[in-house]
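1. From the sequence below, what's the structure:
(3 chains)
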Amino acid sequence: MSHDTAKTAVTPPTHTAPPAKFSHGVRKGNILQVAGQVGFLPAVEGRAPTPAGPDLRSQVLQTLANVSSVLEAGGASWEDAVMVRVYLTDTGHFAEFNELYDEYFAALAGPPAARTTVYVGLPAGLLVEIDALAVLG
Amino acid sequence: MSHDTAKTAVTPPTHTAPPAKFSHGVRKGNILQVAGQVGFLPAVEGRAPTPAGPDLRSQVLQTLANVSSVLEAGGASWEDAVMVRVYLTDTGHFAEFNELYDEYFAALAGPPAARTTVYVGLPAGLLVEIDALAVLG
Amino acid sequence: MSHDTAKTAVTPPTHTAPPAKFSHGVRKGNILQVAGQVGFLPAVEGRAPTPAGPDLRSQVLQTLANVSSVLEAGGASWEDAVMVRVYLTDTGHFAEFNELYDEYFAALAGPPAARTTVYVGLPAGLLVEIDALAVLG
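-> Predicted structure coming up:
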């Protein structure tokens, strides 16, 4: 297997350990897949994973920062992202979420990624989960 | 960066503007990602996005047409689609949805795409959301 | 179109026929997409699709086995999987699901795939659905 096609785990130093055998990100060839990120604050040894918030704004911005950390640790940036999957828990959050999203991406140089937003259940205390697919090259 | 690997936004002329900084479709290299499409009728200037329906049939067929428009605007077709993600709001819609899906794809020449169907919440008035991943080549 | 980029349906012999025009898996180039798998036992002619269970453990392990069958039929393995999407129906299942997941992947040689887990509705009797994206090479 060539170096280009080896599968590599991507683990930003700020991230808490995943709660099971999965990686926060995986790169193989020119594909970088970011696992579902939530709004956990940077890991502190000995502290359980703790979400930002409790307001939507803090949690959304932390979640986007966590996705960004995985993209960067995988050698990519938002410019490489082709898809962003957004899982909200309340349709009433859509308008504010979009405002935060636009604010976060205000300086994006290239075309924004595609996006799908649906409303699901998440563990207590979490208002949003986001994953992303990037194509490098 | 070569032309092949530049990220390009895909925006069919019939589509209403996305409600935030995302693209209806993005192509990079041989990957074309279609954002989550709902059953909005073709955009009319000055009119808010309006879903087809209110019956499931109208909304499903409009949603599939909207996905198809993005595929075509990105230089692809359903023959290139490898994955279709279907978000319904009611498990009671599954049987009719499948009938509509089979009818819509009756003339498909190659193998159909893979598919995942789950049941989520969507904004009021929307019964279905669909996105797709295509690999060109 | 070269052999490398033809789209091929992947259909393990153990699998029940999909309920609509989609494939259990599709391979195109180096991309293998596995459709959403549930915990159906191996197909028996004349019997309706029947989930393992009713306990979570049986259904999760059968679902993972079904994903694995599609990966294998497509010329891949879990080592090639870059993303696993997990749809559970109950946040109360998360801890046990993770135990089962870790047990299932205990012998995995390479880095595990990325993963997103969300809580959705599924048809009656189904507790879990899983799909996967693999990059071969």
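2. C-alpha from now on. contacts and neighbour counts both.
-> Noted.
3. hmm, stretch A:46-64 in reach of chain B?
-> No: using CA under 8 Å from any CA of the partner chain, stretch A:46-64 never reaches chain B; the gap is at least 13.8 Å.
4. and A:Phe97, backbone torsions?
-> phi -60, psi -50 (degrees, to the nearest 10).
5. Now for it, how many residues are close by?
-> Applying other CA atoms under 10 Å in any protein chain shown, we find 20 residues neighbouring A:Phe97.
6. Just the residues contacting the lengthiest helix in chain A, thanks.
-> Criterion DSSP state H: the longest helix present in chain A is helix A:56-73. The contact list for helix A:56-73 (CA atoms under 8 Å, 6 or more residues apart in numbering or on different chains) reads A:10-12, A:15, A:24-25, A:32, A:34, A:37-41, A:51-53, A:77-78, A:93, A:97, A:100, A:104, A:127-132, A:134.
7. and if we set it to 7 Å?
-> A:10-12, A:24-25, A:34, A:37-41, A:51-53, A:77, A:100, A:127-128, A:130-131 (CA atoms under 7 Å, 6 or more residues apart in numbering or on different chains).
8. Just the ones of the residues you listed in strands?
-> Judged by DSSP state E, the contacts of helix A:56-73 include A:Val10, A:Gly25, A:Val34, A:Gln37, A:Val128, A:Ile130, A:Asp131 as members of strands.
9. Looking at those, which is nearest A:Met83?
-> Distances from A:Met83 to those, taken as CA to CA, are shortest for A:Asp131 (8.3 Å).
10. who are the neighbours in contact with that closest one?
-> A:Val34, A:Ala35, A:Gly36, A:Gln37, A:Val67, A:Val84, A:Arg85, A:Val86 are the contacts of A:Asp131 under CA under 7 Å, 6+ apart.
11. before we move on, what about A:Pro13?
-> Applying CA under 7 Å, 6+ apart, no residues contact A:Pro13.
12. what's the answer for A:Gly36, then?
-> A:Glu129, A:Ile130, A:Asp131, C:Arg115, C:Thr116.
13. and if we set it to 8 Å?
-> Per CA under 8 Å, 6+ apart, neighbours of A:Gly36: A:His24, A:Glu129, A:Ile130, A:Asp131, A:Ala132, C:Ala114, C:Arg115, C:Thr116, C:Thr117.
14. just A:Asp80 next, same as before
-> A:Ala134, A:Val135, A:Leu136, B:Lys7.
15. what would those residues look like in CSV with neighbour count, secondary structure and pLDDT?
-> Formatted as CSV, these follow (neighbours: other CA atoms under 10 Å in any protein chain shown; DSSP: H, G, I helix; E, B strand; the rest coil; pLDDT from 0 to 100):
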residue, neighbour count, secondary structure, pLDDT
A:Ala134, 24, strand, 98
A:Val135, 25, strand, 98
A:Leu136, 22, coil, 96
B:Lys7, 24, strand, 97
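16. how about low-confidence regions in chain A?
-> Residue ranges of chain A with pLDDT under 70: A:1-4.
17. what about the residue nearest in space to the middle of chain A, distance to chain B?
-> The residue lying closest to the centre of chain A (CA atoms, centre = their mean) is A:Val67, at 2.6 Å. In this view, A:Val67 and chain B are 16 Å apart by CA to the nearest CA, to the nearest Å.
18. Spell out which residues of chain A are next to chain C.
-> Going by CA under 8 Å from any CA, the residues of chain A near chain C are A:1, A:5-9, A:19-28, A:33-37, A:87, A:120-123, A:131.
19. Just the buried ones from these?
-> A:5-9, A:20-28, A:33-37, A:87, A:120-122, A:131 (16 or more other CA atoms under 10 Å in any protein chain shown).
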